[in-house]
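Participant: sequence first, predicted model second:
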Amino acid sequence: ILKERGYATACVGKWHLGHLAPFSPRQHGFDAFYGMMFPNDMQPFVLHRDETVVEPKPDQKTLNERFTEEAVKFLRAKREEPFFLYLSYSAPHIPLHVPDRLRGKSARGLYGDVVEHLDSGVGEVMKALDETGLADQTLIVFTSDNGPDTRGPYDKRGQAFPLRAAKATTREGGVRVPCVMRWPGRVPAGRVTDELVTTMDLYVSFARLTGAALPAAKIDGTDLTPFLLGEKGAKGREAFWFYSGEELQAVRV
């Protein structure tokens, strides 16, 4: 829908929405793709540029930096036109990898090293937006697809505390994740909220913000633009149903 509105579009990093040709990023609205079809614990773990495998066994220690470089290159190239960048780092998905120079630098073991490395990559993207004069024109959404994986020793895994449980559950530790949004002059700065929103709502909200028409098919997302933009009295979702497969396990109201 953004491509139809004249946006340049790119997907960088992990895709994991189907690896066969009909399901590839460029069949779903992206002009360019650089990354992997799978998470970094699945095979074949190869690096793609568009539909071509450019590296059969990429060094996982280098991926964060390479994805950051690709993201910065894209936004600099498209600075004169509207663009949508989906930057999906594989970190901190296990197995954990970090450049040798950064190993042992954090207070939280290898997991902390990886998160700090990820944070530095986001910082480079933010810096590029500042340098190109695009920061005030760009809506940034930073979030996670699920709670932490708690397999392995403490220094090599995430922690959802004080929330209960973790990834692959419908307890809050599995589904309640951080989300940070920044859009100077549009999204109110410094606001913290525990209203209920989902990543599915971003699709509908982005369509509304850009004037794009939604498809005729039923969409699970909700338009949250009044809430995101801080309109007085605006709320998040009324309710959400949490399924595991076809089993309803929880309802949040």
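Facilitator: Nice, I can see it. Residues are numbered from 1 along each chain as shown.
Participant: confidence score at V175?
Facilitator: The model reports V175 with a pLDDT of 93.
Participant: just C11 next, same as before
Facilitator: Reading off the model, C11 has pLDDT 98.
Participant: what number of residues lie near it?
Facilitator: By other C-beta atoms under 10 Å, 24 other residues sit near C11. Yep, even glycine has a C-beta here, placed from its N, CA and C like the rest.
Participant: tell me which strands and helices the one helix or strand it maps to is in contact with?
Facilitator: Here C11 is covered by strand 8-14, with elements defined by DSSP states H and E. Packing partners of strand 8-14 (3 or more C-beta pairs under 8 Å, 6 or more residues apart in numbering; DSSP states H and E): strand 32-36, helix 63-77, strand 83-88.
Participant: next, the angle from it to strand 83-88.
Facilitator: In terms of direction (axes from the mean of the first three to the mean of the last three C-alpha atoms, to 10 degrees), strand 8-14 departs from strand 83-88 by 10 degrees.
Participant: in its sheet, what does strand 8-14 sit against?
Facilitator: Sheet pairing for strand 8-14, assigned by DSSP bridges, gives strand 32-36 (parallel), strand 83-88 (parallel).
Participant: ranking those by burial, who's on top?
Facilitator: Comparing the strands paired with strand 8-14 by mean neighbour count (mean count of other C-beta atoms under 10 Å), strand 32-36 ranks first with a mean of 23.
Participant: starting at the chain centroid, how far to that strand?
Facilitator: Strand 32-36 sits 14 Å away from the centroid of its parent chain (C-alpha atoms, centre = their mean, to the nearest Å).
Participant: likewise stretch 48-66?
Facilitator: 18 Å.
Participant: ok, E55 - contacts?
Facilitator: If you count contacts by C-beta atoms under 8 Å, 6 or more residues apart in numbering, E55 has them with V46, L47.
Participant: er, V98 I mean
Facilitator: K61, N64, L110, D113, V114, H117.
Participant: ok, 10 Å please
Facilitator: Applying C-beta atoms under 10 Å, 6 or more residues apart in numbering to V98 gives the contacts 60-61, 64, 91-92, 104-106, 110-118.
Participant: which of those residues count as buried?
Facilitator: Buried subset of these (neighbour count, 16 or more other C-beta atoms under 10 Å): 64, 91-92, 106, 110-118.
Participant: strands - which of these land there?
Facilitator: Among those, DSSP state E puts none in strands.
Participant: that older thread, just so I know, which of the helices and strands packed on strand 8-14 lies nearest Q137?
Facilitator: Among those, the nearest to Q137 by C-beta to C-beta is strand 83-88 (10.4 Å).
Participant: tell me the mean pLDDT over the closest one?
Facilitator: 98.
Participant: these two touch, right, Y86 and D31?
Facilitator: No: assessed by C-beta atoms under 10 Å, Y86 is found out of contact with D31, at 11.4 Å.
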